[in-house]
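**Q** Have a look at this prediction, sequence included:
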Amino acid sequence: MTRFNPLLPKNLLRLFLAMATLALVLRLAGPTLVSVDRVEREIEAKLAAWTGARLSFSGTPSLTFWPHPQVGFSDARLRSAAMDGSNGSDLLSAERISVDFSLVGSLFGKPDLGDIELVRPTFHFHRDESGNLNWHQGNGIAATGREGADTGSAPDFGTIIVRDATIVVDDLTRAAHYSIANVEGKIEWPTLTSDLDIRLRGILNDQIISWTLNADDPAKLLDGQSASVRTSLISDFLTLDFDGTANLSGGAFATGRIKLEAPSVENLLAWRGTNFPPARQLGHVSLEGTVKTSGYTARLDNLLLAIQDSYATGVLDISLPPLEAPRIGGTLAFDRIDLRSLIAAYAPSAVGDGKPPSPPSATAIDPIDLDFRLSSRQAAFEPLMLTDLAAGIRAADGQASLDIGEGTLLGGSINGRLAVSGPQLMQGGEVRLSLRNVDLGEIIGLSGLSGPLPTGRGSAEIDLFTEQLQPLDKAVDVTGTFKLSFDQGAITNFDHPVFERLAQGNTLFNMEEAADGSFEFATASIEGHVDGGILELTRASFEAPKKTLAVSGSVPYRNGSVALAGSLVERASPDSAVVKPAINFLVSGSWPTPVISPMAVLLESPAN
């Protein structure tokens with residue numbers, strides 16, 4: 001008996017002719033073998049069972065058998081059933097719907113539909129003011145499934161393949177409208193009791209995003225009941241993962257574990273069409289915690305937050321009301337925070353380079369309303385470092401403030417308030433600080449000034465205001481008062497014996513001639529005010545064991561000049577009846593090398 005060899009040329013030719021004949025027969029006999037009307041009714045029944053909507057086709061059906069049996073329908077529309085008897089609205093419109101089917105099943109009167117392919121469909125999602133979703137129709141999917149189970153005809157859904165789709169979303173509860181284009185992917189839901197698995201990829205605001213969703217009981221979810229959900233969204237600007245329970249009813253909510261990461265908050269908001277200047281200071285942000293949402297609000301508990309190189313734990317409350325500024329509140333505990341960046345976030349020019357602030361953008365929106373408490377083991381305000389900081393941040397109605405309840409600075413304590421106000425928070429600023437037992441000399445040294453300056457520990461009260469926001473570390477157009485009290489310290493670059501000898505003479509001399517030494521004092525008090533670019537010293541007194549140095553006058557700091565009157569007085573001793581007359585002098589010229597003008601010896605009254 002000769003064995004059939006398919007590799008022989010004559011056998012290959014026979015196979016080819018057989019296949020060609022079969023294809024021709026199927027093409028000619030297809031319409032009689034397969035009931036296109038039955039396939040159409042199957043598709044309509046399937047989609048109607050799940051959505052309660054009506055499916056219609058206006059084009060001529062087509063039938064193909066290669067590479068697998070498939071029937072196609074053009075110009076498909078899935079419309080919701082309106083309660084008033086009208087035509088309703090489109091849920092889905094597609095240029096073409098193609099459906100795989102079983103040829104053998106069709107010969108026995110049951111097409112056994114397979115994958116459904118939607119070519120260039122448009123999905124319409126609409127949520128009204130009450131939160132009702134247009135895809136939630138009729139008695140619900142769960143009810144349909146129960147009825148089908150009772151009759152043995154529970155509908156199946158299968159797999160939908162999406163090609164070049166558009167998703168249009170109108171959410172009236174949030175006054176939001178957006179469109180996702182070039183959507184490709186797959187929706188798999190074999191049966192009522194199986195998982196729903198969605199994997200889609202599209203373009204939103206010119207950026208590619210990928211979205212996946214898996215639901216254990218999708219029938220409940222689509223019926224407005226609660227169900228387990230796992231979903232993720234991936235783009236260049238945002239990565240989000242959620243695992244928990246969700247509800248899509250009018251009172252939609254979600255609760256579960258959430259992870260979010262944004263390489264650049266500024267780019268993320270710009271992608272969403274939001275201009276929010278504070279975001280420039282945030283950079284990379286990631287968070288992880290338990291989320292509970294209700295309506296327009298969300299609460300994040302057990303939060304792990306990372307902002308650039310800072311890490312925090314705590315609780316956040318977020319509210320996103322429609323047509324209003326978002327609100328964020330809560331409590332955060334940081335390991336480290338940059339106060340300079342925090343201030344610059346709401347008032348960029350406050351720590352800038354002194355240039356006039358740029359006019360606000362025409363697309364700028366009101367800042368996010370903030371109201372939360374923060375603590376930090378370290379809080380940097382370069383070059384200073386605060387520790388054990390407890391503060392509150394408030395920003396609303398054109399005002400933003402940082403209120404320092406307590407903190408440690410240079411071995412002492414600090415509390416106070418920094419605030420900005422006005423359009424785009426660039427109109428005015430305020431600094432109120434109270435320092436106790438801090439190293440005032442180091443703070444004065446940060447001014448960059450040289451010459452005779454006091455050093456030592458003490459306390460300070462500072463109240464400064466400006467009507468035109470400028471860098472807070474540059475005293476320009478500032479009004480306010482200050483008071484410093486030293487417990488122990490010294491005036492550096494001040495050799496008081498040499499100064500005393502020169503001041504008793506009758507010739508002018510430069511301060512550099514008495515700069516090789518220091519003046520040790522037990523206590524000191526400095527008071528004054530600032531206005532119109534002039535610093536007025538109303539009182540500056542330095543009490544040494546045997547001498548008292550006092551100065552007063554004005555310092556027009558914009559040009560670095562000084563105009564002071566001073567005195568050096570010997571303190572009377574209980575066992576001495578003789579007191580030397582005071583040495584009075586004038587200080588003028590440019591700091592740090594002003595000129596000293598000795599006064600006549602007969603002018604014995606102190607400068608103060």
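**A** Cool, got the structure.

**Q** Please enumerate the strands of the stretch 451-600 of the chain.
**A** Counting by DSSP state E, counting those that start in this stretch, the stretch 451-600 of the chain has strands at residues 454-466, 479-492, 509-510, 518-521, 523-531, 534-543, 547-555, 561-570, 583-590, 595-598.

**Q** what's the second one packed up against?
**A** Counting by 3 or more CB pairs under 8 Å, 6 or more residues apart in numbering; DSSP states H and E, the packing neighbours recorded for strand 479-492 are helix 440-445, strand 454-466, strand 518-521, strand 523-531. Glycine gets a C-beta too; all of them are placed from N, C-alpha and C.

**Q** now the first one: mean pLDDT?
**A** Predicted confidence along helix 440-445 averages 87 (mean pLDDT).

**Q** Then the last one?
**A** Across strand 523-531, pLDDT averages out at 93.

**Q** Partner strands of that strand, with direction?
**A** Using DSSP bridges, strand 523-531 pairs in its sheet with strand 479-492 (antiparallel), strand 534-543 (antiparallel).

**Q** Now do stretch 586-599: distance from first to last residue.
**A** 7 Å (CA to CA, to the nearest Å).

**Q** Would you mark the buried spots in that stretch?
**A** For stretch 586-599, the buried set under the neighbour-count rule, 16 or more other CB atoms under 10 Å, comprises 586-587, 589, 591, 594, 596-599.

**Q** about what we covered before: including mean neighbour count, could the strands paired with strand 523-531 go into CSV?
**A** What follows is those, written out as CSV (neighbours: other CB atoms under 10 Å):
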stretch, mean neighbour count
strand 479-492, 18
strand 534-543, 17
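
**Q** so which of the ones you listed comes closest to residue 61?
**A** strand 479-492 (82.2 Å; CB to CB).

**Q** returning to that earlier point: Serialize the strands paired with strand 523-531 to a markdown table and add fields for mean pLDDT and distance to residue 442.
**A** Shown next, in a markdown table, are the strands paired with strand 523-531 (pLDDT from 0 to 100; distance: least, CB to CB, whole Å):
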| stretch | mean pLDDT | distance to residue 442 |
| --- | --- | --- |
| strand 479-492 | 92 | 11 |
| strand 534-543 | 91 | 18 |
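
**Q** and the ones you listed as JSON lines, adding distance to residue 166?
**A** Below are these laid out as JSON lines (distance: least, CB to CB, whole Å):
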{"stretch": "strand 479-492", "distance to residue 166": "58"}
{"stretch": "strand 534-543", "distance to residue 166": "65"}
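
**Q** still on that earlier bit, now the two most distant members of the buried residues of stretch 586-599.
**A** Farthest pair in those (CB to CB) is 591 and 599. Separation: 20.5 Å.

**Q** circling back: so for residue 318, which of the helices and strands packed on strand 479-492 sits nearest?
**A** Closest approach to residue 318 among the helices and strands packed on strand 479-492 is made by strand 454-466 (32.8 Å; CB to CB).

**Q** shouldn't residue 504 be in contact with residue 585?
**A** No. Using CB atoms under 8 Å, residue 504 is not in contact with residue 585, being 9.6 Å away.

**Q** Which neighbours do the two have in common?
**A** Residues touching both residue 504 and residue 585 by CB atoms under 8 Å, 6 or more residues apart in numbering: residue 598.

**Q** how about residue 76, phi and psi?
**A** Here is the backbone geometry of residue 76 (degrees, to the nearest 10): phi -90, psi 140.

**Q** Who are the contact partners of it?
**A** Residue 76 neighbours (CB under 8 Å, 6+ apart): 55-57, 92-94, 96-97, 121.

**Q** which residues in this protein form helices?
**A** 9-33, 36-51, 103-107, 141-151, 218-222, 265-271, 339-346, 440-445, 496-503 (DSSP state H).

**Q** for the last one, packing partners?
**A** If you count contacts as 3+ CB pairs under 8 Å, 6+ apart, helix 496-503 packs onto strand 561-570, strand 583-590, strand 595-598.

**Q** please redo it, this time with the cut-off set to 7 Å
**A** For helix 496-503, the elements it packs on are strand 583-590, strand 595-598, judged by 3 or more CB pairs under 7 Å, 6 or more residues apart in numbering; DSSP states H and E.

**Q** Include mean pLDDT and distance to residue 417 when you put these into TSV, please.
**A** Conversion of those to TSV gives the following (pLDDT from 0 to 100; distance: least, CB to CB, whole Å):
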stretch	mean pLDDT	distance to residue 417
strand 583-590	89	34
strand 595-598	89	40
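
**Q** circling back to that earlier point, distance to residue 403 added to the strands of the stretch 451-600 of the chain, as CSV?
**A** CSV is the format used below for the strands of the stretch 451-600 of the chain (distance: least, CB to CB, whole Å):
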stretch, distance to residue 403
strand 454-466, 15
strand 479-492, 18
strand 509-510, 46
strand 518-521, 34
strand 523-531, 23
strand 534-543, 27
strand 547-555, 31
strand 561-570, 35
strand 583-590, 39
strand 595-598, 44
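
**Q** Give me the distance between stretch 388-401 and the centre of its chain.
**A** Remark: stretch 388-401 is offset 16 Å from the chain centroid, using CA atoms, centre = their mean, to the nearest Å.

**Q** same check, this time on stretch 191-205
**A** Distance, centroid of stretch 191-205 to centroid of chain: 28 Å (CA atoms, centre = their mean).

**Q** Could you do stretch 387-406 as well?
**A** Stretch 387-406 sits 17 Å away from the centroid of its parent chain (CA atoms, centre = their mean).

**Q** buried ones in it?
**A** 389-395, 399-404.

**Q** and the closest residue in space to residue 495 that isn't next to it in sequence, what is it in contact with?
**A** Leaving aside its sequence neighbours, residue 495 sits nearest to residue 517 (CB to CB, 6 or more residues apart in numbering; 3.0 Å). Contacts for residue 517 (CB atoms under 7 Å, 6 or more residues apart in numbering) come out as 494-496, 498.

**Q** of the residues you listed, the lowest pLDDT goes to which?
**A** Within the contacts of residue 517, pLDDT is lowest for residue 496, at 89.

**Q** What is the burial count for that residue?
**A** Neighbour count of residue 496, defined by other CB atoms under 10 Å: 21.

**Q** Now do the nearest residue to it once chain neighbours are set aside against residue 544, distance only.
**A** Using CB to CB, 6+ apart and skipping the chain neighbours, the partner closest in space to residue 496 is residue 519 (4.6 Å). Separation of residue 519 from residue 544 (CB to CB, to the nearest Å) stands at 7 Å.

**Q** Residue 504 and residue 585: which has the busier surroundings?
**A** Comparing residue 504 with residue 585 by neighbour count (other CB under 10 Å), the higher total belongs to residue 585, at 23 against 14.

**Q** Number of residues surrounding the closest residue to the more buried one other than its chain neighbours?
**A** Leaving aside its chain neighbours, residue 585 sits nearest to residue 503 (4.9 Å; criterion: CB to CB, 6+ apart). A total of 20 residues lie near residue 503 under the criterion other CB under 10 Å.

**Q** gap between residue 503 and residue 588?
**A** Counting by CB to CB, the gap from residue 503 to residue 588 is 14 Å.

**Q** I'd like to know how many residues surround the residue lying closest to residue 494 once chain neighbours are set aside.
**A** The shortest distance from residue 494 to any non-neighbouring residue, by CB to CB, 6+ apart, is to residue 452 (4.2 Å). By other CB under 10 Å, 23 other residues sit near residue 452.
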